[in-house]
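A.B. asks: Pasting the sequence and the predicted model now:
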Amino acid sequence: MAQIGTFPDHPALKGIAPPRGRLAGLRSIEGSRAFPALLLAPIMIFFLVWNVVPLVWLLGVSFYKYKVTSSREPAYVGFDNFTDLWRSSEIWGLIGRTLTFMVTSVGLATLLGVLLGLLFWGSGKMPGRRLALTLLFTPMVLPPIAVGTFYRLIYEPSFGVVNHFTQAVIGRRFDFLGDKNLAFGATIAVDVWMWTPFMILMTLAALGSVPKAELEAAEVDRLPWLKRLWYIVLPHGKFILMLGILLRTIDAFKTTDLPYLMTNGGPGNLTEFVGLSLYRTGFEAFQMGDASALAVVTLLVAIAFTSIYLYVLNYRETRAQLT
Amino acid sequence: MSEQRAGWTQGLYHAVLWLIALVFFAPVFWIILAAFKSSGDLVSPEFRFFFTPTLDNIGKVLAAPNFNIRLTMSFVMSIGSVLLAILIAFLAAYSFSRYRPTGTNFIMFLLLSVRMVPAPAVLVPLFLMYSALGWTGSFLGMLFFYVMFSIPFSLWILKGFLDGVSLRFDETALVNGGSRLHAIFRVVLPQVKPGLIAAAIFNLIFVWNEFIFNYILGGQTTTMIPYIFATGLKQGGATDWTFIAALSTIYVLPPIVMIYLFQKYLLVGMTFGTVRGEV
């Protein structure tokens, strides 16, 4: 019976013998209906302790006024934390800044990434390709906390390298991270530098998903370049590109470490995005109730983003199965 | 593009690509250079292209109080948590992929969305829980947190790979008299080796790079390298830039080496297994 759709010579099958003794007991566990659940037990324990319990805790605390450093008992205030959040003058500024940051940063990284990705499309025979791609992709795997710190050195007003350039070219120095007209742009520039490589990577993946046969057909038909992109590359590549943009959007929404040491949200609160704002409410002002309310809202936004991402992913997979 | 490029056009094209790669790497290169400059060369108001390299800064970092503990912790936490996470995630991914219990998609979705939240939103309740249970600063508290931190992406990567392994593998092993555990670990596991590598490498990088959870939940003996950045910069006084440059250099090298060695897993790793392929 080993011949039915099997490969008995497979090396992995060496050393298999019918179970005896204690192993036979193990076999009955393996065959039982509880076995799939048993495999899931470790992940479920972790999920319960590190996700479910904190989530319930978060929901609970969001209904209390609770300052960690004060000796006063947490006081139940119902939905007050949420209504305060809604009414506060700062929240709309925060949402506005975060959205502007996300849209600008993701937009620029996507634009640059797609253009450079197209340029790198034919890089297959490039000498030293592996090293070049490592250098190119380096920014996206760097620790954001280190990036934020060393960009302070690069942007330094009196001896930063960027200011050596501006001094040489236009004869002026700028306090990029301290000036309220420049800090937001300077922060975006760092984020775009970090994440353009990711969009290049996704563009290359998208281009790789275009069937070779269709490209060759276009070659034979001498289809103009723009038409090739529009009629052949885009219909196949748009899903992966879309996934890339969505992942980038989620990641931009998460931005916390990067501005933490670079600007610490400043000057004023110009570069304080939702992550840093949450951190400051919780761990600098110690207002756990307010922080929890904001965290609950953030959580809902993240769930929405994830749903959209998975929707696109499933849509792509379903379509891939049909064609 | 597929058309044949003649000699010098091709050369020029490759030179342009190299130039782009170098431009993206330039800021990191600048920091690595700064790590070998004397303080006088680094903070000089004029641009000094030539300087006498010194190893003093690296030495200063290595001799800094607690640097050894922070470095060891960075390695122990990343490697320990990722190994545990991959084992746990692999068992779960096998169960999800082969038995498809009710709620599979929902659990996968929940696990992923927790990793899509800005870190402080998760940190707030976790901090309250850790404080209440007295886990702040404990080794296992930190390690297990990182296990949970690495599980979602590992699960997604491994489930994707396992779904691509035909059920015939399991059946063959069972029909030939192997136990289910034999089928899981000796027959199916080797088929998803690329998935295991991708999950390990990228979660190693993510744990290595993680800062805010470690800063808040870690104690004297469990904080990692990034803690030195925060304490060095936040506690007033003049910033020692040569120290920061040397510390950054040591800290950023492992991820760079990783993506050089494991470049073909980059796409899988950075998209958490949702997009497969190589660049």
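C.D. replies: Received it, and whenever you're ready, just let me know what you need.
A.B. asks: contacts and neighbour counts: CA atoms only from here.
C.D. replies: OK.
A.B. asks: would you put the C-alpha positions of stretch A:114-129 in CSV?
C.D. replies: Taking Å, rounded to 0.1, in the frame of the first residue of the first chain, the C-alpha atoms of stretch A:114-129 are listed here in CSV:
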residue,chain,number,x,y,z
VAL,A,114,8.3,52.5,-7.3
LEU,A,115,10.5,54.7,-9.5
LEU,A,116,13.7,53.2,-8.1
GLY,A,117,12.2,49.7,-8.1
LEU,A,118,11.5,50.0,-11.8
LEU,A,119,15.1,51.2,-12.3
PHE,A,120,16.3,48.2,-10.4
TRP,A,121,14.1,45.8,-12.4
GLY,A,122,17.0,44.9,-14.8
SER,A,123,19.6,44.6,-12.1
GLY,A,124,19.9,40.8,-12.4
LYS,A,125,23.4,40.9,-13.9
MET,A,126,24.8,43.8,-11.9
PRO,A,127,28.3,43.1,-10.5
GLY,A,128,28.3,42.8,-6.7
ARG,A,129,24.5,42.8,-6.7
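A.B. asks: which residues sit against that stretch?
C.D. replies: For stretch A:114-129, the external contacting residues (Cα atoms under 8 Å, 6 or more residues apart in numbering or on different chains) are A:Met199, A:Ile200, A:Leu201, A:Thr203, A:Leu204, A:Leu207, B:Met1, B:Ser2, B:His14, B:Leu17.
A.B. asks: Residue numbers of the stretch 201-323 of chain A in contact with chain B?
C.D. replies: A:201-202, A:204-205, A:208, A:240, A:244, A:247, A:250-251, A:253-257, A:261, A:274-276, A:278-279, A:282, A:288, A:291-292, A:294-296, A:298-299, A:302-303, A:306-307, A:313 (Cα under 8 Å from any Cα of the partner chain).
A.B. asks: Among the residues you listed, which ones are in strands?
C.D. replies: Nothing among these maps onto strands, per DSSP state E.
A.B. asks: Can you give me the pLDDT of residue 90?
C.D. replies: By default, I'm working from chain A. Turning to A:Glu90, the model gives it a pLDDT of 85.
A.B. asks: you looked at the wrong chain, it should be chain B
C.D. replies: At B:Phe90, the predicted lDDT confidence score is 97.
A.B. asks: ok, now the one 3 residues further on?
C.D. replies: In this prediction, B:Ala93 carries a pLDDT score of 96.
A.B. asks: can you pull the contacts of it?
C.D. replies: Contact analysis of B:Ala93 by Cα under 8 Å, 6+ apart lists B:Leu155, B:Trp156, B:Leu158, B:Lys159, B:Leu162.
A.B. asks: what helix or strand does the third one sit in?
C.D. replies: With elements taken from DSSP states H and E, the one containing B:Leu158 is helix B:139-163.
A.B. asks: which residues of chain B fall in helices?
C.D. replies: B:7-35, B:39-42, B:56-63, B:67-98, B:104-114, B:119-133, B:139-163, B:167-175, B:180-182, B:193-209, B:212-217, B:226-234, B:241-261, B:266-270 (DSSP state H).
A.B. asks: among those helices, which is nearest A:Thr134?
C.D. replies: Among these, helix B:241-261 comes nearest to A:Thr134, with 5.4 Å by Cα to Cα.
A.B. asks: what stretches of the chain score poorly on pLDDT?
C.D. replies: Using chain A. Chain A contains residues with pLDDT under 70 at A:1-28, A:321-323.
A.B. asks: hm, I was asking about chain B
C.D. replies: Scanning chain B for pLDDT under 70 picks out the ranges B:1-6, B:234-237.
A.B. asks: Check the burial of the nearest residue to A:Pro143 once chain neighbours are set aside by counting its neighbours.
C.D. replies: Distance criterion Cα to Cα, 6 or more residues apart in numbering or on different chains; nearest residue to A:Pro143, sequence neighbours excluded, is B:Asn209 at 4.4 Å. Neighbours of B:Asn209 under the rule other Cα atoms under 10 Å in any protein chain shown: 24.
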